[in-house]
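Colleague: After the sequence you'll find the predicted model.
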Amino acid sequence: MRASDVDPFAAVLAPPEDETAEERQSRMQREREAKQASDEIDEQLSKERQLAKRQPKPVKILLLGQSESGKSTTLKNFQLMCEPKAFRAERASWRAIVQLNVIRSVRIILDALTASSSAPESSPRSSSSSRDSLRLDSDLLALRMRLIPLLEVHEALARRLAAPSDAASTSRSAGLSTIFRRRLGKEITVNSNVAWKAAFMRDGAERDSFATDDAVDWDDPEDPGVMLYERADDLRRLWAHPTVHAALERQGIRLQESGGFFLDEIDIVTCQKYVPTDDHILRARLRTLGVAEHRMRLTDRNGNITREFRIFDVGGHSSLRAKWAPYFDDMNCIIFLAPISAFDQQLEEEPEISRLADSVALWTSIIKNKVLQDTNLILFLNKIDILQAKLSSGIRFSDYVTSYGRRPNDFDSASRYMRKQFAAILKDSSPVPRTFYCHLTNVVDMKSTQYVLVGIKDMLMQTHLKQSGLII
């Protein structure tokens, strides 16, 4: 017999030679059940394919921008637009992130106090006029000692967020001081595809059970909220202490402008049985890396799906940028977020580069990319509230953007100038003529952002229908 005549599956699939009648009957029954299950799966897949054909194609949106530009907050606003109760099942998880944000702010303050009291010239951002070390009075020293235990809470929250391998390495670290030096002032980062929210749900809690207090064990003595409640007065006094603000100023740190700042709401976020509002969830900060897809659906009063959005959030770290474009050539729209309030700041990962210059460079690379030349462009000039505050405080835009010249140092003039500059880049660098839509935004302002997103939704749906040939 030739080798080509041998069926390679026959020996494996053939019944045993010594199979009894009872064994054969049992085997045949298992095969019938397996075939029935397979047929049911095939039928279900066929129904889903037919349903997908009848439903409108999803609108695909790509969110782009540097780290801390507001992408995650924009995504949360989309969630609320599609489902007003979107955060109901997630409040326990976001409660933990708000707590993490509060403690991170404390860590930054303690680090600034240490740097300003012992080595005032160690920071490249320190003011040249601040050469004398700050003196920490006895009250501030006592506050620092009482708040240091919060760092253990920070590590506990970080371990729950981390992947198992990371958590293990963290738990093996040689004491709190080692962790403190290694992570002080640096953000905890999670992979976009990690289901971190489940880490903070109470075991056995139902997905929508937060309304009945089942998602959080309020009686757990190790719950971070217990220590934050006990230290609430110390936190208030720390943030109110003038030496703290002097230390932050010397280090060039504007804590109020950073994402996840809640020290001005200590009474609320440290209260017993604290539950974050939608506004707090929008403002909560958790840094993500990688690409994540989020699916959201609009439904009518009868629950029928009228439109599906697929939103892709690309992590803002600069090292990721060269890799994403070829995978997103079928997007209907790019929403690009440029935090124009950051005109006087540098990138955390590359301190020699201005954040505004980085946004301009990323915008230019998107405009020039031929793969994306047919994609709708929507520009969010974001964080206008912070821009207004900076200009009103006397910070001069022209000191950091020399091309601005002698124009008035006010919000209307500066924002109009930046809008024109971004539009000019589009006109000069795009491979094909195209229009774009520009909005001045503050995406943590839920009401105004929802208004903008509803307009974008209507525009995208209209464009999508035209491209599909359903309307002319």
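Modeller: That came through fine.
Colleague: can you list the weak-confidence ranges in the stretch 201-350 of the chain?
Modeller: Where the stretch 201-350 of the chain drops to pLDDT under 70, the residues are 202-215, 217, 219, 300, 303, 305, 316-323.
Colleague: ok, 90 please
Modeller: Flagging of the stretch 201-350 of the chain using pLDDT under 90 yields the residue ranges 201-226, 251-253, 257-259, 272-273, 286-309, 313-330, 332-333, 347-350.
Colleague: cool, and the stretch 1-150 of the chain?
Modeller: Where the stretch 1-150 of the chain drops to pLDDT under 90, the residues are 1-28, 30-31, 42-59, 67-68, 78-93, 114-138.
Colleague: what are the ranges of the strands in it?
Modeller: Assigned by DSSP state E, counting those that start in this stretch, the strands in the stretch 1-150 of the chain fall at 59-64.
Colleague: Which parts of it are helices?
Modeller: 10-13, 21-54, 71-82, 91-118, 138-147, 150-161 (DSSP state H, counting those that start in this stretch).
Colleague: What's the separation between residue 390 and residue 264?
Modeller: The gap separating residue 390 from residue 264 is 17 Å, by CB to CB, to the nearest Å. (Glycine included, C-beta is placed from N, CA and C.)
Colleague: Among these two, which residue is more densely surrounded?
Modeller: Between residue 390 and residue 264, counted using other CB atoms under 10 Å, residue 390 has the larger neighbour count: 22 against 11.
Colleague: Tell me which residues touch the spatially most central residue of the chain, please.
Modeller: Residue closest to the average C-alpha location in the chain (CA atoms, centre = their mean): residue 72, at 3.6 Å. For residue 72, the contact set (CB atoms under 8 Å, 6 or more residues apart in numbering) comprises 285-286, 288, 313.
Colleague: Now with 10 Å, please.
Modeller: Contact analysis of residue 72 by CB atoms under 10 Å, 6 or more residues apart in numbering lists 63, 192, 259, 282, 284-288, 292, 313, 315-316, 443.
Colleague: now, among the residues you listed, which is nearest to residue 345?
Modeller: Lowest distance from residue 345 to the contacts of residue 72 (CB to CB) belongs to residue 259, with 12.9 Å.
Colleague: and that closest one, helix, strand or coil?
Modeller: coil (DSSP: H, G, I helix; E, B strand; the rest coil).
Colleague: Phi first, then psi, for the residue nearest to it when sequence neighbours are not counted.
Modeller: Spatial nearest neighbour of residue 259, excluding adjacent residues (CB to CB, 6 or more residues apart in numbering): residue 285 at 3.5 Å. The phi and psi values for residue 285, taken as degrees, to the nearest 10, are phi -120, psi 120.
Colleague: do the same with residue 190
Modeller: The phi/psi pair for residue 190 (degrees, to the nearest 10) is phi -120, psi 150.
Colleague: quick one: it and residue 289 touch, right?
Modeller: Yes. Under the criterion of CB atoms under 10 Å, residue 190 makes contact with residue 289 at 7.6 Å.
Colleague: on that earlier part again, since we're on the residue nearest to residue 259, how many residues are nearby?
Modeller: Residue 285 has 19 neighbouring residues, counting by other CB under 10 Å.
Colleague: Over to residue 221?
Modeller: Residue 221 sits with 7 neighbouring residues when counted by other CB under 10 Å.
Colleague: Could you report the distance from it to residue 161?
Modeller: The value you get for residue 221 to residue 161, if CB to CB is used, is 21 Å.
Colleague: for residue 360, same thing?
Modeller: Distance from residue 360 to residue 161, by CB to CB: 33 Å.
Colleague: Which of these two has more residues huddled nearby?
Modeller: When residue 360 and residue 161 are compared for neighbours, residue 161 comes out ahead with 21 against 16, by other CB under 10 Å.
Colleague: if I look at the more buried one, how far off is residue 87?
Modeller: In terms of CB to CB, residue 161 sits 18 Å off from residue 87.
Colleague: now residue 146
Modeller: Distance from residue 146 to residue 87, counting by CB to CB: 33 Å.
Colleague: These two: which is more packed in?
Modeller: residue 87 (20 against 16).
Colleague: For that one, which non-adjacent residue is closest in space?
Modeller: Residue nearest to residue 87 in three dimensions, not counting chain neighbours: residue 281, with 5.2 Å by CB to CB, 6+ apart.
Colleague: Just the pLDDT at residue 426, thanks.
Modeller: Looking at residue 426, its pLDDT reads 95.
Colleague: What residues of stretch 136-143 count as buried?
Modeller: 136, 140, 143 (16 or more other CB atoms under 10 Å).
Colleague: how far out from the middle of the chain is it?
Modeller: 36 Å (CA atoms, centre = their mean, to the nearest Å).
Colleague: outside of that stretch, which residues touch it?
Modeller: Applying CB under 10 Å, 6+ apart, the external contacts of stretch 136-143 come out as 109-110, 113-114, 116-118, 134, 144, 231, 233-235, 237-238, 241-244, 247.
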